[in-house]
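K.L.:
Okay, predicted coordinates and the sequence, questions at the end:
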Amino acid sequence: MNLPDPELRYALEAAPLHDALRRAFIQTSCFLLQRLTSGGKSLAICEPAEAARSALSEAVEGLRRLPAPAATDRHRSHLLGAAATLERAVAIALSRGDAEGDALFRLLEEAEKHLRAASRTSLPGFEAVDFSQACCAAHALPSPGQGLRCFG
């Protein structure tokens, strides 16, 4: 696909910001998973949430400075939406005010929707990875007594 120069420049400059948002999403999800699997114990470890805050800070600053041609408005809007949602999610994670993780889970769902919507725009390089057909997907799990067959 041939993109006009302003859109190509935008895509090249937005790619690392998009990656930073994805990292923040993954790190916040990791924090939630740790919280949910901690057996009700209060987590003293906040590294995933702190790492997410750092990745978000980098992404938000870059998005503010990023010149966006009109053709990229929808994409940029979804990146900004993901960033704002993830900022709220990280704030909740670090506040420990969401003991059950419900609000954090809903915010992560919302952030994922924004990231997926950004991947569906016409800009190349922002495609979401679909693991539903991977050999590690749940449908590929062997029944008892069978081995896992990934390639054939």
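P.N.:
Yep, it's here.

K.L.:
Which helix runs longest in this structure?
P.N.:
If you go by DSSP state H, the chain has its longest helix at helix 5-36.

K.L.:
All the helices of this structure, in order from the start?
P.N.:
5-36, 47-65, 73-95, 102-119.

K.L.:
Would you mind telling me which of the ones you listed is nearest residue 126?
P.N.:
Among the helices of the chain, helix 102-119 comes nearest to residue 126, with 4.9 Å by Cβ to Cβ. (Each C-beta comes from the backbone N, C-alpha and C, glycine too.)

K.L.:
can I get the helices of the chain in CSV with mean pLDDT and distance to residue 126?
P.N.:
CSV is the format used below for those (pLDDT from 0 to 100; distance: least, Cβ to Cβ, whole Å):
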stretch, mean pLDDT, distance to residue 126
helix 5-36, 89, 6
helix 47-65, 88, 14
helix 73-95, 92, 7
helix 102-119, 93, 5
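
K.L.:
Would you reformat these as JSON lines and include mean neighbour count?
P.N.:
Shown next, in JSON lines, are the helices of the chain (neighbours: other Cβ atoms under 10 Å):
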{"stretch": "helix 5-36", "mean neighbour count": "19"}
{"stretch": "helix 47-65", "mean neighbour count": "18"}
{"stretch": "helix 73-95", "mean neighbour count": "20"}
{"stretch": "helix 102-119", "mean neighbour count": "18"}
